[in-house]
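A.B. asks: Okay, sequence plus prediction incoming.
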Amino acid sequence: MISRKILCILILLSLSLNTIHVLADDSDNKDSDDKDSKKDSNSDKKDSGSDEPESFLVSCGSENEVEDSSGRKWSPDSKFLNSSDFSSTEQLNKTDPTLPSEDPYKSARIFNATSSYIFSVTTTKRLWIRLHFYPFEYSKIDPAKAYFSVAANEFTLLKNYSAFTNAAALTMAYIVKEFSLTPSTCGKLNITITPSPQPEGAIGFLNGIEVIPMPDVFKTTPLVGFHDQTIEVQNTSVQTMYRVNVGGDYVPPTEDAGGNRTWYEDGGYLIGSPNTKYGVISDADRNNVTIKYDGDEYMAPEAVYNTARSMGPSPNVNLNTNLTWVFDVDANFTYVVRLHFCDFELELTNQRVFDIYLNNHTAQEGADVIAWTGGGGSSGKGITVFKDYAIYLNDRNNGNEQIWVALHPNEKSKPEYYDALLNGLEVFKINDTCGNFGSEYPVPVRHYSYSEEFLEKTKDECKLGDQDTDDN
């Protein structure tokens, strides 16, 4: 009798679970029916039988598809907008010549109430989200009232944000905010723009949106300053704060290794004595070395590993200084610092060994790139590798903090050369426990398409040219 009762309970439980599953499917179908046009526009590649998840390039405020200077096609945003009742659009007749492309920046959508974009996305891959802002003199936008927040599903990407204030502080024409979000298990991505409560009549605006599936490039990472503590970065979402090509040129999205990422020059972040802070720049081509990837080529393009910055040939100078980069960041967040290495000059271990510091904490003692990449009797020369380190920054300076990345020769190992080396560097902010990236007083993030080193050299050449003109 008891067994029969148990059997009945199990049958009823099974029926209940099936009913819940059907209700969920019906709900999904209803949602799909409500947005047939959006589903069709989001599913072109899926319907065509392609296994590759679809990417979205959206030009906000455009009436038709537009093409940027790199040949990438941007769709009009109306097909993804949940409702246009609380927004308007504006087209510009002219744009700033420093923009990387007129599109998607020559059109904008202005929001006077909460509005959302809806995308059907893969459930198995992380997503790059890029928000493009061009704070120009729009007839429909009062800069003093352009304060708003942006959310993507459960994550707050920007909070009480002013693109006009940030652009003015940085003297930049445009701003791109980039995030990497964990997979959306529901297959939907909602990007919601909400004007701030203050000032009265606040508005939001957007010029462009990118949604690009990406591989999981994050992993469990040691937390610097805490013994045996780690962060499972692969389970978090991150915001890209900085991405620099150390010792190399600006790398546009079209020359990236599949992620449409932008790599900026590093010279503007270097500090130290003018005679030593830039170190020495070298490149693989001059050394007749072909770059070989140790793992996924997606991590960084060859252009990043093809150049490097080292300290220079003088051991006495190097032992009394550091190769140091400084980055402004927001307080009360954990950051991941990713360092890219490729030694295309040396081929034996213990030739160049150095220590890595983050804010005066030892992140890595005795870093030997050749030892990391070599093995099995083969040389690690010209082989790529990257290392991740996490650091938490509390508020000591009213919300404005800095990350110092310093390299110094390791004396203990008695290497052949007292030197240090770096090819590329990225800084990512990890979301807090509430899924928030926004800061009450966000620090403007400056990027350099042309390094301070390049500009100083150009200035000197201009002075020489002026002297030649005067002499004539």
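C.D. replies: Yes, it's here.
A.B. asks: From now on I want contacts and neighbour counts done on CA atoms only, so please keep to that.
C.D. replies: Will do.
A.B. asks: How about the contacts made by residue 401?
C.D. replies: 328-331, 393, 395 (Cα atoms under 8 Å, 6 or more residues apart in numbering).
A.B. asks: swap the cut-off to 7 Å and go again
C.D. replies: 328-331 (Cα atoms under 7 Å, 6 or more residues apart in numbering).
A.B. asks: you'd agree it is in a helix?
C.D. replies: No - counting by DSSP: H, G, I helix; E, B strand; the rest coil, residue 401 falls outside a helix, being strand.
A.B. asks: beta partners for it?
C.D. replies: On the basis of DSSP bridges, residue 401 is bridged to residue 329.
A.B. asks: Pull up the gap between it and residue 384, please.
C.D. replies: Distance of residue 401 to residue 384, computed by Cα to Cα, to the nearest Å: 31 Å.
A.B. asks: just residue 157 next, same as before
C.D. replies: For residue 157 relative to residue 384 (Cα to Cα), the value is 32 Å.
A.B. asks: do the same with residue 87
C.D. replies: The value you get for residue 87 to residue 384, if Cα to Cα is used, is 47 Å.
A.B. asks: Those two - which one has more neighbours?
C.D. replies: residue 384 (28 against 18; other Cα atoms under 10 Å).
A.B. asks: tell me which element the more buried one falls in.
C.D. replies: For residue 384, the element it lies in under DSSP states H and E is strand 384-393.
A.B. asks: ok, residue 70 - contacts?
C.D. replies: Shown in contact with residue 70 (Cα under 7 Å, 6+ apart): residue 254.
A.B. asks: cool, residue 349 as well?
C.D. replies: 368, 370-371.
A.B. asks: Determine the three-state secondary structure at it.
C.D. replies: Classified using three-state DSSP, residue 349 is coil.
A.B. asks: list the contacts for residue 159?
C.D. replies: Residue 159 neighbours (Cα under 7 Å, 6+ apart): 148-150, 438-439.
A.B. asks: can you list the residues that contact stretch 57-64?
C.D. replies: Contacting residues not belonging to stretch 57-64 are listed as 74-77, 89-90, 104, 107-109, 206-211 [Cα under 7 Å, 6+ apart].
A.B. asks: Quick one: distance of it to the chain centre.
C.D. replies: The chain centre lies 23 Å from the centre of stretch 57-64; the measure is Cα atoms, centre = their mean, to the nearest Å.
A.B. asks: List the buried residues of it.
C.D. replies: Buried positions in stretch 57-64, judged by neighbour count with 16 or more other Cα atoms under 10 Å: 57-62.
A.B. asks: Next: stretch 151-166.
C.D. replies: The neighbour-count check on stretch 151-166 (16+ other Cα under 10 Å) flags 151-153, 155-166 as buried.
A.B. asks: re earlier: is it possible to get the contacts of residue 401 out as CSV so that each row also shows pLDDT and distance to residue 405?
C.D. replies: Putting those into CSV (pLDDT from 0 to 100; distance: Cα to Cα, whole Å) gives the following:
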residue, pLDDT, distance to residue 405
328, 94, 12
329, 95, 13
330, 92, 16
331, 92, 17
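A.B. asks: how about CSV for these, with distance to residue 278 and neighbour count added?
C.D. replies: Putting the contacts of residue 401 into CSV (distance: Cα to Cα, whole Å; neighbours: other Cα atoms under 10 Å) gives the following:
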residue, distance to residue 278, neighbour count
328, 19, 17
329, 22, 23
330, 26, 28
331, 28, 22
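A.B. asks: can you name the two of these that are farthest apart?
C.D. replies: Farthest apart among these by Cα to Cα are 328 and 331. That separation is 9.6 Å.
A.B. asks: What ranges does the stretch 301-450 of the chain have for its helices?
C.D. replies: For the stretch 301-450 of the chain, the helices defined by DSSP state H, counting those that start in this stretch occupy 302-305, 315-318, 369-373.
A.B. asks: As CSV, the ones you listed with distance to residue 423, mean pLDDT and mean neighbour count would be great.
C.D. replies: Shown next, in CSV, are the helices of the stretch 301-450 of the chain (distance: least, Cα to Cα, whole Å; pLDDT from 0 to 100; neighbours: other Cα atoms under 10 Å):
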stretch, distance to residue 423, mean pLDDT, mean neighbour count
helix 302-305, 6, 96, 24
helix 315-318, 18, 95, 14
helix 369-373, 11, 95, 23
